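In: Sequence first, predicted coordinates after that:
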Amino acid sequence: MSGLLLIDTGANTHGHGDITSIIKAIEAGGGTEFHERLLRRSFYYQPEQALMQRLLAYAGRVSREAALQVLTSQSVVDRQVTCQSLRCPP
């Protein structure tokens with residue numbers, strides 16, 4: 001790996017106790033109600049309704065299979081050691 005961009009994700013999902021329940025919810029069907037619950041719990045200060053609608057529309061365009069692949073991968077892959085060896089350009 002020559003580079004990796006992480007934005008508020010961390011190098012792994014260790015300590016994210018609900019990753020398994022999120023994967024199970026998607027496997028069970030996911031859908032708009034699930035997306036709304038997931039988004040609402042992701043914000044301490046709830047976004048305005050217009051932004052929430054945009055986020056829900058975006059989430060609705062992500063295929064179930066893609067979401068499962070990403071979350072499953074994140075739950076088993078640990079990039080902590082790899083990230084420590086990366087050097088940022090000056």
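Out: That came through, no problem. Numbering: from 1, shown residues only.

In: Read off the pLDDT value for the most centrally placed residue in the chain.
Out: In the chain, the residue lying closest to the centroid (Cα atoms, centre = their mean) is L71, at 6.7 Å. Per-residue pLDDT puts L71 at 84.

In: Quick one: residues in contact with the helix or strand containing it.
Out: Following DSSP states H and E, one finds L71 within helix 64-76. By Cβ atoms under 8 Å, 6 or more residues apart in numbering, the residues outside helix 64-76 that reach it are T9, N12, T13, I19, T20, I22, I23, I26, E27, G30. Placement of C-beta: from N, CA and C, glycine included.

In: can you redo these as CSV with neighbour count and secondary structure?
Out: As requested, these are exported to CSV (neighbours: other Cβ atoms under 10 Å; DSSP: H, G, I helix; E, B strand; the rest coil):
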residue, neighbour count, secondary structure
T9, 11, coil
N12, 15, coil
T13, 19, coil
I19, 15, helix
T20, 13, helix
I22, 19, helix
I23, 16, helix
I26, 20, helix
E27, 12, helix
G30, 18, coil
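
In: Now for the residues you listed: which two are most distant?
Out: N12 and G30 (23.1 Å; Cβ to Cβ).

In: okay if I get the contacts of helix 64-76 as TSV plus pLDDT and distance to V62?
Out: Compiled in TSV, the contacts of helix 64-76 are given as follows (pLDDT from 0 to 100; distance: Cβ to Cβ, whole Å):
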residue	pLDDT	distance to V62
T9	60	16
N12	73	21
T13	75	18
I19	81	16
T20	85	19
I22	87	13
I23	88	14
I26	91	10
E27	93	15
G30	84	9
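
In: can I get these in JSON lines with distance to L38?
Out: Shown next, in JSON lines, are these (distance: Cβ to Cβ, whole Å):
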{"residue": "T9", "distance to L38": "15"}
{"residue": "N12", "distance to L38": "19"}
{"residue": "T13", "distance to L38": "14"}
{"residue": "I19", "distance to L38": "12"}
{"residue": "T20", "distance to L38": "14"}
{"residue": "I22", "distance to L38": "7"}
{"residue": "I23", "distance to L38": "12"}
{"residue": "I26", "distance to L38": "9"}
{"residue": "E27", "distance to L38": "14"}
{"residue": "G30", "distance to L38": "9"}
